[in-house]
Every structure is written in C-alpha cells, then in structure tokens.
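[1] Generate a structure from the sequence data that follows.
(chains A, B and C)
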Amino acid sequence: MVIDRLVVPADPDEALELIREKRGVPLGGGLWLRMSGKRIGLAVDLSALGLEYIRDSGDSIEIGAMTSFREMEISGLLDERFGGLFSRVVGGVVGLQFRNMVTAGGTVAGKYAFAGLNAALLALGAKVVLAGEGERDFAAFLAESGTKPFLLEKIALPPRAAAGYSSLAITKGDFSILVAAAAFAGGTWRVAVGARPGAAMLSESAAAALGGQARPGAKAIEAAASAAATELTFSGDMRASSEYRREICPVLVRRALEEAIA
Amino acid sequence: MRDKNAGAATSLSSDKEFSAVRKSSPKIDAEGLALGRPAYADDLAPPNALFVKLVRSPHAFARVASVDASKALALPGVACVLTWKDVPRTPYTRAGQGYPEPSPRDKFILDEYVRYVGDEVAVVAAADERTAVRAAALVEVEYEVLKPVLSVDEAVDNPILIHPESGIHENFPIGFEPKRNIAAAYRMEIGDVEEELKRSEIRVEGLWRTQAQAHVAMEPHVSFSYLDIHGRLVIVTSTQNPWHTRRIVGMTLGMPLKDIRVVKPRIGGGFGGKQHIHLEPFVALVTLKTGKAARIALTRKEVFRATFTRHEMRIAVALGASREGRLSAIDMRILSNTGAYGEHALTTFMVAGSKTLPLYNKVKAVRFGGDVAYTNKVSAGAFRGYGAIQGLFALESAVDEMAAKLGMDPAELRKRNMIAEGETSEVFRIMGEGTEGVAMKVESCKLDWCVKRGMEMVGWDPKRLSWEVAPGRLRARGMAIAMQGSGIPLIDMGSARIELQDGGCFKLHVGATDIGTGSDTILAQIAAEELGVELGDISVFSSDTDHAPFDVGAYASSTTYVSGSAVLKAARSLKEKLIEKAAEKLGVGAGEIAYEGKSFSAPGGKSLSLFDLSFGTLYGDGEGMRTLSATESFTGRVSPPPYLAGFVEIELDMETGKVEVLDFVAVVDSGNPINPNLVRVQVEGGILQGIGMALCEEVRYSESGRLLSDSLISYAIPTRSDVGRIRVEIADSYEPTGPFGAKSAGEIGIDTPPAAIANAIRAATGARLYDLPFTPEKVLKAIKGRVLK
Amino acid sequence: MNATIVVNGAVERFTFESGDMLADVLRAAGYVEVKKGCDTGNCGACTVLVDGKPILSCSFLAARADGRAVTTVLGVEEEARRFASFLAAEGADQCGFCAPGFALTVIALSRELPEATEEEAREYLKGNLCRCSGYEGQNRAIMRYLEACNAR
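    Numbering: from 1, shown residues only, chains lettered A, B, ... in the order given. From the prediction side, this is the model:
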C-alpha cells in the first residue's frame, strides 16, 4: 500500500476534521484497503480514539467502531444478550489472525455485501452513530450511496434479542453464497438476507408474515421464508447463480428463524 | 556377509527385519523449518540483486505491435527492459521433462504473440522492488487484439490459430498439429471395442468433465541468478527438476551447459506446479545482460495467473459387462485442454489412460484416444495425479454406475474385475508416457486387501449405502480404487554417490529433489539400512547440479523407487569396498569378513571398527589411503504401480446440496514403506487435494478470458475445518524390484476422492454428477433433477 | 518514517514508508521466518504476535507496531522447538513454508486455550493454511503437544 501521510489522532474532533476537510481515509483493520491497491494521500488511523469497546449503556448495547471481530466473537456480553449470535456470525471468518484485525466499523462503514455481520446487524435493528451527525438507522445507512465523508463511531444494538443466523459457503474459509439473519427485539421481528451477492436487505414481507409473535409456528415461519425469497432480488456471480440463491433463500431464512426461537 | 532377509521371497514386508527402513524417522530438517531458518529461494537472494518484474498481457490473445520502454528506462535505478526482440528466438518447452521432451517446443521466452491474459510481454529489472513495479507500469505496449479461443470444445479446427508462428515443432511424433490447434494426440485399441460393447449384456456410457485446478503450493515461485567468480551462471530456483532446468535454459539461451549451475534450495511445495521451467530464463537473461544478480518472486496473483494449472478434460467412457458383472470392454476418449502452451500435453493425457485402464485388466477389449487442444487460457501443466485423477474420476464413476445397473455391491464389482498380483495388462506394454510403454508383470498388488480393509474401516454395507440422519440430511458412502506408477520406466534415471568420511560417517550426494516430501530423509534411511549404520550417520546433500550426480527430479512418483534404488546400489557397492578394505587391513579374504554393528570381524577374533577403518583410509594407511566412495545409477525397467482403495462417508444437506466429507478412508499399497509416517502424510495430503478438486476448487475465467480465480479469496482451498477425518492405513506389501520392497506414494493419494464422492452422492440421491467440482448448486440441481428457473 | 519496535525482546529501530506492511519490514530486516504466501491475508504464513495477539503481518501496517512488542517464531524458540518435535514425530513437517506461522499460532493457542478440544484447536488454527499435509498430521501433533503442555 502507498500512503503519503499517516496520522494517528487521539482527538475525535481532529479525526473528523481530517476526514471531512482533508480527504483523510479512515483506517480500520486496513485489510480491504490494502487489497484495493489504491494510493492514499492521507490515512487516518483510528486506533487511538478509544473506539474499542463492547458495553451496556443501559438502553442499548454499544460496539465501538474499532472493536475487532475476535472481540465480538468472544464477548460474554454479546453472547448473553444475543444468544450466541455473534460468535456464529463472525466466529468462522477466515481465521483468528484475520479476526484480530478486521473491525466492526470497517465492515459496517464499508457496507460490504459479502459480510454476514451486516445482515445480522440489520436483523437486530442496529443503529450507527456517525461522529458529529448522531444516530441513524443502519438500514437507511446501508441504502444510501455517495454520501459525504464520515467517521463511524459506534454501533448501537437493542439491549437484547432472540436471534438466529444461517449461511451457506462452499468451504469454511470462503465467502458465503448467501446469509440469512433473523431477530426478535422489542416486540418486532426483522429478517435480513445478505450476500445476495448484493448488500444485506430486510424483508418486510417476511417480518409481516411472522406477525409480531415471539414464537411463531412452523407455518408462519415457512410463510416468512418464502416471502423473503419472493420479495428480495438475487444475482449470479462466480460462486452461484441467482436461481440457486433464490432457491436456498427460504431454507436459510427458515433455519435462522428456527434458531432464533430455539 | 549375511542378508537377514535373504530367502524371504514373499510379497509381504512384515516378515522381514529392518533396522533403518520401515521406520517413521523424523525428517532431518524439521526444526530448522519450523524456526524459519533462511532456506527458501526468497530468503537466500543476494541483497544487491536487481528486482525483476514482468509486464503481462491484459488480453487473452494479441499480437504485440510495439513496446515503448523509454519512460521506464528513464526512471533512475532501472537496469534494463527486455522485449521479444531482445531475447533469443529459440523455441522450447517449459515442461520439466527428459530429453528430448515429449512436449511440443511451442514457446519462446518472449514472443510477438501473447496467448493468455498474463502472458509475459517484457522483462523489467531495477535496483529495488518499488522501482521495478513502477517501471513495469510505465512500459507502453500497443497490442493488436485478436479474438481468442476460450472453450476447449471449440478449439479443434477453429479457424483462429493460437500458434500461427513458424519455428515451433514436436521433438518426435506426438500428434502435434498446431494448424488445428492440437498440441498432441494419440489412439490405441486392443481387441475390438465396438464389437465387445455390442455383445455386452449391460452397457454404461457417459461424458465426465474435470476442471482446471490450481496447485496453491504455499511458496510462490521464486528464482534468482548471478554470475560466479568464474563467470558461470548460477540459478537458484524453486524447482522440482534442476537438471531439466539447466539443460533447457542452456539450450534455449545458446549457452554451454557446463557454464550453468542450478541449485534447488528448500521448496515450499510443488505438486507439479514447479515441474516446469518458469522464471529462470528471465533472471538468467537479466544477469547475462547486466552482469548483476537478478531476482524475481511472483505474487500469489501471478502464481494463479501465469504459472500452470491442471489440464481440464472431457472424458467419454463406455463400459460393457455381462450380467454376472464381468467387464468386457472399456472405451475412453478424451479432449484435454492444455491452455496457451503444450507443456505436459501428451503425457498427462496418456496417463489418464495408462494409469487407469490396467486396473481392469480382464476386459477383452480396450480403446483409448483423443486430442489435446490449445486455448487462450493459462497454460496447463504437471499436477499431482497427472491425468490419472481425471481418468479415474470418469472410469470409477462409470464402474460404479455399472454396479448400480447390475444391482451389485460396488465393492464386489471391483473385486471381480480388478487387477491382482501376478497379473499383467496389455496397456502397460502399449501405453507409456509419450511413447510406447513397457510390458510388466505386477509383482506386488494388495488391492484385494486394500478393498477389504477399507470396507471394514468405513463400515461398508452394500445394503445400506445411504441413510437419513435427520430430516433432509443424508449420509452416504462411496468408493473408488486407483493406481499410479513409480517413475517412468527406461526414461527416468537417478544417481547417488556415497562416500565414507572420517568418523565412520557417510556423505550421500543425490540429484533427487526433496520438495518438502522428505526424500532426503528416506534416501538416507535406505543408505543407512544397507550400510548397517544409523540414520544420523548419513549426511545428505542434494539437488545442486554442480555437486550432485544426475537425477530427473521429483515427479512421476519416482524418488523412492528410482532415486532410492540408485542409493541402494551405491550403498551396496560402497559396502563391498568397505569389506574389501577391511579384509585388506585384517589380512584375510573378503569372503571371510562379517560386517555387523559397524564392525568388521574375521575368523580368529580379529576385528576392525568402521570408525577406525575410516580414519585409516584418510590418514593412517600410508599408500593404502584412499577415499572410499561409490556412484551408481538406476533406471526402472518397470514402473510398479502403487494401489489404493478409497472409501468416503459424506453428509448431504438435501435442501442446499452442500456435501461434507465426514470420513475418508484410504488403504494404500505402496510396497514396503521406507518411512511409514511420510507415506501416510503423502496420502493424507493427496486426499485433501483430491477432495478440494471434488468439492470446491475451480479455475475460472471471465467471458473475455481473464482469470477470475486469482487469489485465495476467489480460489478457496479446503481449510482445517472442512473435512472430518482422513484415515490412512498402509498395506503389508513388498515390491521385489523396489529398494527394500518400496514403490511410491507421492501421487496415489489424490486419485480417488472425486469418484468416491460422486459415487456416494449417487448412493444418496440416485443422481450421478459428471461435472467437477460438486458445488452445492450442482448437487442441488441434480437432486431436484430439473433446471432451476 | 521511523518506528521503534521490540522484536523478540530486542529493541529495534526501523525506517520505512508509511504504507509499508510489517511483514516486508521484518523480512527486509532479516526476519525471514516471516513468510509471505498470498496477497490477501488468507494463508497465515506471515503470522506474528503483536503484544501477544496473532495477526497477519502482510496486512498490518508497520507503523501500527510502533512502540509495541512483536514476536516471531524465533521469539518463542524453545516452545517452537518443542512443538517442532511433535510435528516431526508425525511426519507432518513437509515443505515447511507454513510452519513458522503455524507453530507460532499453535503456541498462541496453547497459551490462550490450553484445554482446547480438537474442534476448538482446528477453529483456532483455521487461518493457517497448509497444502502439503492434509491437516491430519498437524492436528495430531497439536493435540499431543497440548497434552504434553498440560502434563507439565
């Protein structure tokens, strides 16, 4: 990677200014950035901003942007509040070393379509907090394009949720062909499908089919699963065709729901 | 002189006593490697070497109209830029094979045409890597873009010629027809296949397709070169075949071979991917032109894009059998895709038949033939299995289908038809590797035991090959048998030189090429066994063309059998000389000497230790002083096949088509295992590569011919968590023509997984898959038996 | 830019470009036990510990190691030697290219999860690819090594 200037601000305002005014590129884990092969004029390392935390703020669970996948994977707090969801979502990604480096913020800010984490956060009804801009719905954030430079500070989750996750990949180190995440929090179901290969999206019709019941029956689950496959769009890529993704979508959604209510 | 195993004429190893072989001695380099001591080519390159970067074609097929290197040359630190006009125009082949090579000489170091995305256009050398990369980007190339031929199904007789240039040729008839886009072709028939098929009561036919696979050795290819103080060219390179590299580089550059030295340092894996001449001509040319050391290390992307792959093949098989399950005829026709250049084109294609068809030697007729075609894709070359894995996928799938049609246990059908010890096959005589073969009686074949034992280990029950474990989750079992070879008879030669050192130790020089397999260790074990000393008494030096005697290199599963036999011969010769010397010292006839426990004894209580004898030869014996050494060579008269029976148990998710391997059992007959641990690991490693080919690996291209699978993200190899267990057992076998009864183990492990897994899927679903790899999508499609809409 | 990094216990000063990766800086300084096997952070051959945590040095900015402790396999030499003997006892030390990164990660495992089951060990080491051994022999060596560590 070629970086002309690297700064490590300890002050969040300074970091924000560099990003907004000086076209600074925020550095999370840096893995994807490195692979892009781009030349970076000004890189802003976020390591000194104190953004590495997983904490209970009272009315939400907050994950700091610089929290690594590994930290989420082994967090007792996340495990307890979300029924082991996080270790299943991020635990298998590539390898331990990779997970020690890749950050929640990097994946969320990058809006990576392949990331199971983004589908899971969507299903949890996550909110993202951008420095100087306040809280935003993650679904809305994901749907935006071409926004002005921002600094992602943290991700806010409901205090707890019943959640499930299902994914299919050809090998355990490979990108997923499709992922499905479902969560029940605050009396609402959210069903998200990601790696379509497009970015994760919520299926409103699947949520509707579940009718706000904490423990929907097999029929409702099946209806939700097929609703998701009908509502959402899929494409083909080198790992699978769009038809195949559509075919297995209801299977993964059903499995995610079954896991969530188990 | 007592041979403790003399007279033991049986084909089992267990009734013989050994002191050094048949022992799982730790490899002699384990610690150094784990600690990462400098050992690989990239660790050893001279610090002041020029960095070489290659400019590569972005087009699948194009003519290089012009190359303007002026901007690149203007950068400070750029030493030279070479284009096709600056390099010798000698056609050669990059296949690491003996002379004359059975591959067409259809490559120029740099050419006016580029034939795949990634093909080399220019060689840039600069003082450091950053400058070399910048300079390479500044080389301006004008291409006349041509329409490429991207499908092997459209290649033969396509009006677009991939090799229109003059000067290319075959070294002897291999069916080379570049005007038809054919790199090689071959046909043979024994008996009348059409007639036998017509007469057979049951027939099976099918078209199987195997994909191109990437080796993914952990070490990317690296070479460096420099001129030594005598002005000789020294090349240190990640290679499986130092002598072929030396010869081919020398002949192509027009240099006397004596002025070139090739050294193989530690290699980080090969699997056939380094059985080629790859980067050596480039660094050599830079060194010759500038007088300076030159180094090049490929990125992983370049390894994918611009080294070699396995040959993609289309294999049509027809089988005929009687209702009692006697196979009567086999017809195998192949279309193989050799990519842009024809390295290993003929030989991999022939091995698909020569190392598969003999398994069913009792048929009345056998026919094999086909073509190897060029396409504008990454060049295919050598890769473990070397055609056998492709041929066995088709053949063992067809045989399994036959069992289904007959309503017979697949294992029983194998038992009724497979080759047995003491038998032969006409195919051995007719099909070699590029030429005629060698008639051979199979002196060791424990396939019957391998099948029986494998059935036991996996719990094979022909009435219960598939069962449900949970709604929508099935388990199933499948099997396949395999054979390979042990070196190429009358073509592969290995040599060894053993010398007695002071201290009663020995120096063993072998040309044999340890690519991580542990051949240095097992060759030392063979020497230690014969010389009656410990493994630690033998120091091994290998694979340096200046210091070691000739060896073809590590391929064709030749090291244990061919190089090992050379070591055994040399050890025997040296032992005779030691005994003669001891007899001389003790004043008796050589026949009166008994040699045991590192000591020579004669009647009358006289004795002399090996230790003392060694000092005498170098310091104390006056006029009788001499270096005691022996150099011997070996070429196999036959190529005794190792055999393997593979049994897999899979779990199949019927809703997604995902297949997981829970248990892969392999029982292998590789003769007497010189080092059982190393045989086991070779087979385990091969099995996982075979599972990768069966389930997840595929070299893939865009519509314009650009490689899509050019990183470990887009080309996923099996991880540690992808397979349940792999269990390998070694049959008790002894090959009389092999060193201490050994055959080989390097390739056989890779051969059975694709067919075994296809057969298990068939048992579970009734659907047969013909196309590798069995991705979840393909499996689901087959299960649902329809085109997904 | 300049940085001070403690490598295997020794304080060292490095000079490099801002965008340089730790693996390249280490290798150029002679730490050739750090291997580069891929371009994408997948293979694990470049694994080093930064403040005790296994990371991929091919994708870790050298600048980020400033003021921190980096451990290569030579920084845990005694344990690595010990583990190497278990690998060698299985014949699983093949080409050796994955070995330094792999051995270091095994040692990290033995420190972080000394009671790991075979499945946990596999998961922990999933990011260390091996193409030679088929993993079986490596897994046998790991379990025996962990057993031996716990027996002490």
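
[2] what are the phi and psi angles of the nearest residue to A:Gly132 once chain neighbours are set aside?
    What sits nearest to A:Gly132 in space, not counting adjacent residues and going by C-beta to C-beta, 6 or more residues apart in numbering or on different chains, is A:Leu16, at 5.5 Å. Every residue, glycine included, has its C-beta placed from N, CA and C. The phi/psi pair for A:Leu16 (degrees, to the nearest 10) reads phi -60, psi -40.

[3] was I right about A:Leu16 contacting A:Leu151?
    Yes. In this structure A:Leu16 lies within contact range of A:Leu151 using C-beta atoms under 8 Å: 5.0 Å.

[4] who touches the residue nearest to A:Gly132 in this structure?
    A:Ala131, A:Gly132, A:Leu151 (C-beta atoms under 8 Å, 6 or more residues apart in numbering or on different chains).

[5] how about a cut-off of 10 Å?
    Each residue near A:Leu16 by C-beta atoms under 10 Å, 6 or more residues apart in numbering or on different chains is listed here: A:9, A:24, A:26, A:44, A:49, A:130-133, A:149-151, A:153.

[6] can you tell me which of those are in strands?
    Counting by DSSP state E, the contacts of A:Leu16 place A:Pro26, A:Val44, A:Leu130, A:Glu153 in strands.

[7] okay, those in JSON lines with pLDDT next?
    Formatted as JSON lines, the ones in strands among the contacts of A:Leu16 follow (pLDDT from 0 to 100):
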{"residue": "A:Pro26", "pLDDT": "95"}
{"residue": "A:Val44", "pLDDT": "97"}
{"residue": "A:Leu130", "pLDDT": "96"}
{"residue": "A:Glu153", "pLDDT": "97"}
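
[8] hmm, back to that, now for A:Leu16 and A:Leu151: what residues contact both?
    Common neighbours of A:Leu16 and A:Leu151 (C-beta under 10 Å, 6+ apart) are A:Gly24, A:Pro26, A:Val44, A:Leu49, A:Leu130, A:Ala131, A:Gly132, A:Glu133.

[9] how about the longest helix anywhere in chain B: buried residues?
    The longest helix of chain B (DSSP state H) is helix B:564-586. Buried residues in helix B:564-586, defined by neighbour count with 16 or more other C-beta atoms under 10 Å in any protein chain shown: B:564-571, B:573-575, B:577-579, B:581-583, B:585-586.

[10] Equivalent analysis for stretch A:75-89, please.
    Result for stretch A:75-89 [16+ other C-beta under 10 Å]: buried residues A:Ser75, A:Leu78, A:Arg81, A:Phe82, A:Gly83, A:Leu85, A:Phe86, A:Ser87, A:Arg88, A:Val89.

[11] Contact partners for A:Gly106?
    A:26-33, A:46, A:65-66, A:68-69, A:112, A:115, A:152.

[12] Just say helix, strand or coil for it.
    Secondary structure, DSSP: H, G, I helix; E, B strand; the rest coil: A:Gly106 is helix.

[13] Domain-wise, how is chain C divided?
    C:2-72, C:75-151 (automatic domain parsing).

[14] and those as a markdown table, adding mean pLDDT, mean neighbour count and distance to chain B?
    Below are the domains of chain C laid out as a markdown table (pLDDT from 0 to 100; neighbours: other C-beta atoms under 10 Å in any protein chain shown; distance: least, C-beta to the nearest C-beta, whole Å):
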| stretch | mean pLDDT | mean neighbour count | distance to chain B |
| --- | --- | --- | --- |
| domain C:2-72 | 97 | 21 | 2 |
| domain C:75-151 | 96 | 22 | 3 |
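
[15] how about these in TSV, adding distance to B:Pro603?
    Compiled in TSV, the domains of chain C are given as follows (distance: least, C-beta to C-beta, whole Å):
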stretch	distance to B:Pro603
domain C:2-72	57
domain C:75-151	43
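
[16] wait, which of those is closest to B:Ile761?
    With C-beta to C-beta, the closest approach to B:Ile761 among these belongs to domain C:75-151: 21.5 Å.

[17] Straight-line length of that closest one, end to end?
    End-to-end span of domain C:75-151 (C-alpha to C-alpha, to the nearest Å): 23 Å.

[18] What is the burial count for whatever residue of the stretch 1-150 of chain B ends up closest to chain A?
    Taking C-beta to the nearest C-beta, chain A has its nearest neighbour within the stretch 1-150 of chain B at B:Arg130, 9.0 Å off. If you count neighbours by other C-beta atoms under 10 Å in any protein chain shown, B:Arg130 ends up with 13.

[19] what's near enough to touch it?
    So B:Arg130 contacts A:Val2, B:Phe51, B:Gly77, C:Glu17 (C-beta under 10 Å, 6+ apart).

[20] what do you get for C:Gln94?
    Counted by C-beta under 10 Å, 6+ apart, C:Gln94 has contacts B:27, B:30, B:33, B:218, B:268-269, B:515-518, B:678, B:681-682, B:685, C:87, C:130-134, C:137-138.

[21] again, but for B:Ala373
    Taking C-beta under 10 Å, 6+ apart, we find B:Ala373 in contact with B:149, B:151-158, B:162, B:177, B:180-185, B:335-339, B:342, B:345.

[22] Buried subset of the residues you listed, written for PyMOL?
    Restricted to buried positions by 16+ other C-beta under 10 Å, the PyMOL selection for the contacts of B:Ala373 reads:
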select buried, chain B and resi 149+152+155+156+158+162+177+180+181+182+183+184+185+335+336+337+338+339+342+345
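
[23] now, which of the contacts of B:Ala373 lie within helices?
    B:Ala345.

[24] Excluding sequence neighbours, find me the nearest residue to the residue in the stretch 251-400 of chain B positioned nearest to chain A.
    As assessed by C-beta to the nearest C-beta, chain A sits closest to B:Lys301 within the stretch 251-400 of chain B, at 10.4 Å. In this structure, B:Lys301 finds its nearest non-sequential neighbour in B:Asp710, 5.0 Å apart by C-beta to C-beta, 6+ apart.

[25] Right, I'll leave it there.
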